[in-house]
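Novice: Dropping the sequence and predicted coords here.
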Amino acid sequence: MTSYKDLGLVNTKEMFAKAVKGGYAIPAFNFNTMEQMQAIVQAAVETKSPVIMQVSKGARKYANATILRYMAQGAVEYAKELGCAKPQIVLHLDHGDSFELCKDCIDMGFSSVMIDGSSLPYEENIALTKKVVDYAHKYDVTVEAELGVLAGVEDEVASEVSHYTKPEEVIDFAKRSGCDSLAISIGTSHGAYKFKPEQCTRDPKTGKLVPPPLAFDVLHAIEKKLPGFPIVLHGSSSVPQDEVDTINKFGGKLPDAVGIPEEQLREASKSAVCKINIDSDSRLAMTAAIRKYLAENPAHFDPRQYLTPARENMKKMYIHKIVNVLGSNDKL
Ligand SMILES: [Zn+2]
């Protein structure tokens, strides 16, 4: 048993309370590689932002859970080395799908876990979440639950259609499950193809797809039921058009990729939404930089040569999100 406290990590409790009060949201960036981790830490330190580094089941499979744990510990030490006296870094399991997986993460030093029982019947979701909460709280680990279903594909999490969270269920769910935060479904979606073209309208000037707006009425109804309770948005990448264009220009093929407009996420950040998950935008930033570099420097083959601009591009994106979308800068 390794406690996250010994690794210098923190749970989400105080962080979320401050974010809800202060009208901003904490960035939750997924990571699988050293370059992503470095970019996340550099961005968080430079902007003085708390940050959630999250690991999906797919990331554990790709990078190995033990390595990711030591990378998170390394992230804390790296942040200190970069001049941050008291880094606020959470190591979070994204979309835990069983009690055993959550327990395994808690036992190896994660400070926060998500148990995603959103595909289960309501009562089973409560029972599974409560089981994880009972274990996690013994070790001061915070638990995110999910109610409602998001559309889209993220690692092994996939659903064809979304079902908005029902505001009339949230009080009962939060009370009986004991969760510390709740991921809700209001129209965000996993992946770089969040909406089918037929769900969108086309901007007559640019010909680009405009996605349907988020269901702010559902969000506000949930806030009213659970005042001050931390709300989480998954699938909140914006799929920046310039990165998609760069990828397509240098040999990629991402037709009609579409994300959540940043103005809507900015608006959500000011509400009880205190954690916003961003994964696809980092993948796009990395891939765009690598494709461009390799196309322009066909004779180069040292990974450091193309991973340096990839890391820089991700860092630029993380800083942009923190400062211009979530507002979590200058909070340390
Ligand atoms: Zn998710």
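Specialist: The structure has been received and is ready for your questions.
Novice: Show me what the helix or strand hosting Tyr306 is packed against.
Specialist: Taking DSSP states H and E as the definition, Tyr306 sits inside helix 303-320. In terms of contacts (3 or more C-beta pairs under 8 Å, 6 or more residues apart in numbering; DSSP states H and E), helix 303-320 is packed against helix 34-47, helix 280-296. All C-beta atoms are positioned from the backbone trio N, CA, C, and that covers glycine.
Novice: what about it, average pLDDT?
Specialist: The pLDDT scores in helix 303-320 average 98.
Novice: tell me which element the residue most central in space within the chain is part of?
Specialist: What sits nearest the mean C-alpha location of the chain, by C-alpha atoms, centre = their mean, is Asn277, with 2.1 Å. For Asn277, the host element (DSSP H and E) is strand 273-278.
Novice: what lines up beside that strand in the sheet?
Specialist: strand 26-30 (parallel), strand 231-233 (parallel) (DSSP bridges).
Novice: want to throw those strands into TSV with mean neighbour count?
Specialist: Converted to TSV, those look like this (neighbours: other C-beta atoms under 10 Å):
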stretch	mean neighbour count
strand 26-30	25
strand 231-233	26
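Novice: Of all these, which one comes closest to Ser3?
Specialist: The minimum distance between Ser3 and these falls on strand 26-30, with 21.5 Å, by C-beta to C-beta.
Novice: I'd say Cys84 and Leu332 touch.
Specialist: Yes. Counting by C-beta atoms under 8 Å, Cys84 touches Leu332, with 6.7 Å between them.
Novice: any residues in contact with both of these two?
Specialist: Lys48 (C-beta atoms under 8 Å, 6 or more residues apart in numbering).
Novice: Go ahead and name everything in contact with the strand or helix carrying Glu100.
Specialist: Per DSSP H and E, Glu100 falls inside helix 99-107. Under the contact criterion C-beta under 8 Å, 6+ apart, helix 99-107 has outside partners 1-2, 55, 57, 65, 93, 96, 113, 115, 128, 131-132, 135-136, 139, 141, 143.
Novice: Stretch 202-221 too?
Specialist: Around stretch 202-221, the neighbours that count as contacts under C-beta under 8 Å, 6+ apart are 164-165, 167, 184, 186-188, 194-195, 197, 199-201, 231, 241, 256, 258-261, 264, 267-268, 271-273.
Novice: taking these one by one, which sit in helices?
Specialist: Gln241, Gln264, Glu267, Ala268 (DSSP state H).
Novice: which one of these has the most neighbours?
Specialist: Ala268 (24 neighbours; other C-beta atoms under 10 Å).
Novice: rewinding a little: can you list which of the contacts of helix 99-107 are found in strands?
Specialist: Per DSSP state E, strands hold the following members of these: Val55, Leu93, Gly96, Val113, Ile115, Val143.
Novice: What does the pLDDT read for the third one?
Specialist: It refers to Gly96. So Gly96 comes in at 97 (pLDDT).
Novice: and it, what are its bridge partners?
Specialist: Assigned bridge partners for Gly96, using DSSP bridges, are Ile115.
Novice: Okay, buried residues for stretch 125-145 please.
Specialist: Across stretch 125-145, burial judged by 16 or more other C-beta atoms under 10 Å covers 125-126, 128-133, 135-136, 141-145.
Novice: rewinding a little: which one of the strands paired with strand 273-278 lies nearest to Pro298?
Specialist: For those, the distance to Pro298 is smallest for strand 26-30, at 30.8 Å, taking C-beta to C-beta.
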